[in-house]
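Student: Any chance you could fold what I've pasted below:
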Amino acid sequence: MFNRYKIFAAYLFAIPLALILGILASSPGELTFMLIGMLLFFLALPLFLKWHHALLIVFWNSAFSAFFLPGQPTFWLLFAALSFGLSVLSHVMGRRPFLPVPEMARPLLFMVGVVLVTAWYRGGVGIRSLGGAANGGKNYIYVLGAIMGYFALTAGAIPMLKSRRMAGLFFLSGTTYALVNLAYALGPAFFVLYYLVPAGMATEQAASDYVLGSTDRLTGLGPAGIAVWCFLLAHYGIRGLFSVAKPWRFVFLCLAIGAAFFAGYRSTLALLFLIFMFQFYFEGLLRTRLFPIVVGLGIAGFVSLLLFANRMPLAVQRAVSYLPINVDSDVRAEAMGSSEWRFQMWAVLWKDMPKYLVVGKGYSIDPSEMELTKQGIQMGILNSYEESMLAGDYHSGPLSVIIPFGIIGSVAFVWILIAGFRVLYSNYRNGEARLRRINTTLLAYYVAYCVTFFFLFGAFNSQLFIFLGAVGFGISLNGGVQRKPDSLPERGRASLPQAYAMEVG
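Tutor: The predicted model follows:
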């Protein structure tokens, strides 16, 4: 009898919905993306209520964006807001408490205060897509959304039986960035995918086809290669990847780095190298026979680049153009021009920095000033980096924190990074043996991003979610912060060499 009532209720809801959609479809001018989004949300609400935490993890590193909402927010931001709201509601009802990690909560709440005070002092959060009078408010939303997403990730623990699966989905969701270049390669019939993934990442590909650029860069393969790289390290560890009995693992590792080469980003290859290097160190392999093997492979790879670099695709040559090897002259000139462009911008920003040390500049942008800047660049009156400076796109991690939020915001961010490292390191040292590889990869991933953020390339507003995602996922994976070996069950404790000697794949 109960099932009969459920079927009746479903028909009672579905029939009017089908009629409304039919009427709107007959007059397309009235069919808006906002309405589609609302309908999809209500239809999927039961799934969100049950799986919101898992969906947040799955989409955290993905390329997808919600095209049906103003501003087209990314999926991770959308699910962060949804999961946080549902988790707070569940917490209030006493069903599921948040995992307590006060050493992370304090600096994050301090950063929230800095962001809100800066936004208020600098004219508020202006979001043009929502009718605001200023631009730049989206950056505030992404910073606050990353912090909110961290708390949503730590709202519950991942069951041990699902830990490897969820870790795989967490990392592999980054492969969706490859859809950007795949859609362009497949032609206009697949351009509908650009409603879901950022079309801007295919700009270099299109420019090369129309002879507007010299390098055919498949930029989406950069994050996709990093995703596969981290997935392999988390599942098999470096020992497992160099297993003679299963050579296909090493083949996939080579394919991941090969794909990243075609993105043409020098920082991407540096990031892959740093992740591998830190993973190698944290696995305790420096005094094993793998060390000379890895060094030998590295030397062989460098010699191959030295001999054949100028015959490789231009995107690959650009990725290795910082090395002392022979590459195409146009590619090297383009890479050097990009670096010079940044140095010129940083020289100007360095002079302006004292004005924003006490109270940061924030993210608010006057649309009129932006339009005048674009016109000045087109007329040759202003330098091309003026627009990036105005938009807050400084191509420098430290500057992306100091200028918008001053010294206080910088202290808060460093506090967050140190607290995050201590959390991940504690789980790496004291976590259960079966999670050792995943915890090691999360720690290596986190430290590598910290290094590249400060010394190669960084953007606080768009990369904070990377740091907090690694920490939040690690806390959820371990059920909190594992502080002492004595606090673990006897079956879960193992020394580092013993843990890495276990074969789990």
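Student: report the longest helix in the protein, please.
Tutor: Secondary structure of the chain read by DSSP state H shows that its longest helix is helix 397-430.
Student: quick check, distance from the helix or strand following it to the centre of its chain.
Tutor: Going down the chain from helix 397-430, the next helix or strand is helix 436-455, by DSSP states H and E. Put simply, helix 436-455 sits 13 Å off its chain's centre (C-alpha atoms, centre = their mean, to the nearest Å).
Student: With stretch 228-242 instead?
Tutor: Put simply, stretch 228-242 sits 20 Å off its chain's centre (C-alpha atoms, centre = their mean).
Student: now what about that stretch, what contacts it?
Tutor: Stretch 228-242 has contacts (C-beta atoms under 8 Å, 6 or more residues apart in numbering) with 164, 167-168, 171-172, 174-175, 243, 246, 249-250, 252-253, 255-257, 259-260, 272, 275-276, 279-280, 283, 285, 290, 293, 437-438, 440-442, 444-445, 500, 503-505. C-beta coordinates here come from the backbone N, C-alpha and C atoms, glycine included.
Student: where does the chain dip in pLDDT?
Tutor: Residue ranges of the chain with pLDDT under 70: 1-47, 94-96, 124-136, 207-215, 485-505.
Student: let's see 50
Tutor: Residue ranges of the chain with pLDDT under 50: 1-2, 5-6, 9, 29-31, 129-131, 133, 487-495, 497-499, 501-505.
Student: Where do the strands of it begin and end?
Tutor: Counting by DSSP state E, one finds no strands in the chain.
Student: what's the nearest residue to F413 if we skip its chain neighbours?
Tutor: Excluding its sequence neighbours, the residue lying closest to F413 (C-beta to C-beta, 6 or more residues apart in numbering) is V401, at 5.1 Å.
Student: ok, now which ones touch that neighbour?
Tutor: V401 touches G409, S410, F413, F460, counting by C-beta under 8 Å, 6+ apart.
Student: go with 10 Å
Tutor: Counting by C-beta atoms under 10 Å, 6 or more residues apart in numbering, V401 makes contact with 360, 394, 407, 409-414, 453-454, 458-461, 464.
Student: Please apply the same query to D352.
Tutor: Residues near D352 by C-beta under 10 Å, 6+ apart: K361, M389, I403.
Student: For those residues, which entry has the maximal number of neighbours?
Tutor: When neighbours are taken as other C-beta atoms under 10 Å, the top entry among the contacts of D352 is I403 (24 neighbours).
Student: Wait, L218 touches A206, no?
Tutor: No - with contact defined as C-beta atoms under 10 Å, L218 does not count as touching A206 (11.5 Å).
Student: Now do the shared contacts for the two.
Tutor: With C-beta under 10 Å, 6+ apart, L218 and A206 have common neighbours Y184.
Student: Just want to know which of the two has more residues nearby.
Tutor: More crowded of L218 and A206, by other C-beta under 10 Å: L218, with 27 against 13.
Student: quick one: the more buried one and G360, what's the gap?
Tutor: As judged by C-beta to C-beta, to the nearest Å, L218 and G360 stand 36 Å apart.
Student: and the contacts of V401, which are buried?
Tutor: Neighbour-count burial (16 or more other C-beta atoms under 10 Å) applied to those gives 360, 394, 409-413, 453, 458-461, 464.
Student: Can you give me the neighbour number for the closest residue to W346 other than its chain neighbours?
Tutor: Spatial nearest neighbour of W346, chain neighbours left out: S396 (6.3 Å); criterion: C-beta to C-beta, 6+ apart. As a burial measure, S396 scores 22 neighbours (other C-beta under 10 Å).
Student: Could you do the one 3 residues further on as well?
Tutor: Residue crowding around L399 was assessed by other C-beta under 10 Å; the count is 20.
Student: same deal with F190?
Tutor: F190 - counted by other C-beta under 10 Å - has 13 other residues nearby.
Student: which of the residues in stretch 263-276 are buried?
Tutor: For stretch 263-276, by 16+ other C-beta under 10 Å, it's 263-272, 274-276.
Student: Kindly export it (C-alpha atoms) in CSV.
Tutor: This file holds the C-alpha atoms of stretch 263-276, laid out as CSV (Å, rounded to 0.1, in the frame of the first residue of the first chain):
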residue,chain,number,x,y,z
ALA,A,263,49.9,21.8,-21.8
GLY,A,264,53.0,23.9,-22.4
TYR,A,265,53.1,25.1,-18.8
ARG,A,266,56.5,25.2,-17.2
SER,A,267,55.0,25.4,-13.7
THR,A,268,53.0,22.2,-14.4
LEU,A,269,56.1,20.1,-15.0
ALA,A,270,57.7,21.6,-12.0
LEU,A,271,54.7,20.7,-9.9
LEU,A,272,54.8,17.1,-11.1
PHE,A,273,58.4,16.8,-10.3
LEU,A,274,57.9,18.3,-6.8
ILE,A,275,55.0,15.9,-6.0
PHE,A,276,57.1,12.9,-7.1
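Student: my guess is F64 meets P198, correct?
Tutor: Yes - applying C-beta under 10 Å as the test, F64 and P198 come out as touching, 9.4 Å apart.
Student: Mutual contacts of these two, please.
Tutor: T74, Y177, L179.
Student: Make a PyMOL selection of the buried ones in those residues.
Tutor: To isolate the buried ones among the shared contacts of F64 and P198 in PyMOL, judged by 16+ other C-beta under 10 Å, type:
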select buried, resi 74+177+179
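Student: contacting residues around H52?
Tutor: By C-beta under 10 Å, 6+ apart, the contact set of H52 is F79, A80, L82, S83, F84, G85, L86, S87, S90, A152, A155, G156.
Student: Quick check: phi and psi at the last one.
Tutor: Summarising the backbone geometry of G156 under the convention degrees, to the nearest 10, its torsions are phi -160, psi 160.
Student: Could you shift the numbering so residue one becomes 14, and keep it that way?
Tutor: Sure, I'll start numbering at 14, so the last one becomes G169.
Student: For it, grab the count of nearby residues.
Tutor: 19.
Student: Any figure for the gap between it and A67?
Tutor: G169 is 10 Å from A67, by C-beta to C-beta.
Student: what's the overlap in contacts for the two?
Tutor: Common neighbours of G169 and A67 (criterion: C-beta under 10 Å, 6+ apart): S96.
Student: re the thing from before, got the angle for the longest helix of the chain vs helix 449-468?
Tutor: Helix 410-443 runs at 160 degrees relative to helix 449-468, counting by axes from the mean of the first three to the mean of the last three C-alpha atoms, to 10 degrees.
Student: Next, report how far helix 410-443 is displaced from the centre of its chain.
Tutor: 16 Å.
Student: go on, stretch 389-396?
Tutor: 33 Å.
Student: Could you do stretch 395-411 as well?
Tutor: 21 Å.
Student: Give me the distance between the two termini of that stretch.
Tutor: 25 Å (C-alpha to C-alpha, to the nearest Å).
Student: and that stretch, which residues are buried?
Tutor: Judged by neighbour count using 16+ other C-beta under 10 Å, the buried positions of stretch 395-411 are 395, 398-399, 401-403, 405-411.
Student: Closest one of those to L336?
Tutor: H408 (20.7 Å; C-beta to C-beta).
Student: right, and the closest one touches S351 too?
Tutor: Yes - using C-beta under 10 Å, H408 is in contact with S351, at 9.1 Å.
Student: who's in contact with L287?
Tutor: With contact set as C-beta under 10 Å, 6+ apart, L287 has these partners: A457, Y458, V460, A461, Y462, C463, V464, T465, L469.
Student: residues contacting the last one?
Tutor: The neighbours of L469, taking C-beta under 10 Å, 6+ apart as the test, are Y278, R279, S280, T281, A283, L284, L287, H408, S409, G410.
Student: Same check on the fourth one?
Tutor: A461 is in contact with I239, C243, A283, L284, L285, F286, L287, I288, F289, M290, F291, Q292, counting by C-beta under 10 Å, 6+ apart.
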